[in-house]
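A.B. asks: Structure of the sequence below:
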Amino acid sequence: MVKADLHLYKYFIFIVNTFIVPVIQGFTIYTRVLSTNSLIELMEKGKKYIGNTI
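C.D. replies: Model (predicted):
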């Protein structure tokens, strides 16, 4: 029973390392890129808005 549990644990760690960790890393990178892009877009919109009001 203990050996089977250990095997399952190793398999679980393998799945986490191969699938879940890259997804989390990709998600954090994606959100960083998205946040910088949206900041740039907000700045551009702000410039247009300020340019139109003046």
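
A.B. asks: where along this protein do the strands fall?
C.D. replies: Counting by DSSP state E, the chain has no strands at all.

A.B. asks: Just give me the residue right at the centre of it.
C.D. replies: Phe27 (1.7 Å; Cα atoms, centre = their mean).

A.B. asks: Give me the number of neighbouring residues for Glu41.
C.D. replies: A total of 10 residues lie near Glu41 under the criterion other Cβ atoms under 10 Å. Just so you know, the C-beta spots here come from the backbone N, C-alpha and C atoms, and that holds for glycine as well.

A.B. asks: Which pLDDT value belongs to it?
C.D. replies: With respect to pLDDT, Glu41 has a value of 88.

A.B. asks: ok, now Phe19?
C.D. replies: Taking Phe19 on its own, its pLDDT is 91.

A.B. asks: now swap in the one 4 residues further on and tell me
C.D. replies: If you check Val23, the pLDDT there is 90.

A.B. asks: what's the distance between it and Asn37?
C.D. replies: As defined by Cβ to Cβ, to the nearest Å, Val23 lies at a distance of 21 Å from Asn37.
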